[in-house]
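Participant: Sharing a sequence plus its predicted fold:
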Amino acid sequence: MTEVKLTLTVDELEVLWGTIRETLEAVDDREFSTRVGVERSELRRMQAELAKLMNTIPYLPD
């Protein structure tokens, strides 16, 4: 598997998290892999990895 490294701000990471959450909630199971490009279980795995990362970031008030 090829790795890609990204640099994101905390705000950008939160947008990515929200996009994944909304995708998991909004896209119907029958069309999920066709519309998203991965199985729902894979996106949930990615979401869990992002959650681990987000839990390591100290809260910085605006």
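Facilitator: Right, received. Where do you want to start? Numbers count the residues shown, from 1 in each chain.
Participant: Read off the pLDDT value for Val15.
Facilitator: The model reports Val15 with a pLDDT of 93.
Participant: next one: Glu3
Facilitator: 93.
Participant: One more: Lys52?
Facilitator: Per the predicted model, pLDDT is 91 at Lys52.
Participant: That one and Val27: what is the separation?
Facilitator: In this view, Lys52 and Val27 are 24 Å apart by CB to CB, to the nearest Å. (Glycine included, C-beta is placed from N, CA and C.)
Participant: Could you do Glu49 as well?
Facilitator: 20 Å.
Participant: who has more neighbours, these two?
Facilitator: In terms of neighbours (other CB atoms under 10 Å), Val27 is the more surrounded of Glu49 and Val27; the figures are 16 against 10.
Participant: what about the closest residue to the more buried one other than its chain neighbours, how many residues close to it?
Facilitator: What sits nearest to Val27 in space, not counting adjacent residues and going by CB to CB, 6 or more residues apart in numbering, is Arg35, at 5.6 Å. If you count neighbours by other CB under 10 Å, Arg35 ends up with 11.
Participant: Show me what counts as buried in the helix or strand encompassing Arg35.
Facilitator: If you go by DSSP states H and E, Arg35 is part of helix 32-36. Residues of helix 32-36 classed as buried: Phe32 (neighbour count, 16 or more other CB atoms under 10 Å).
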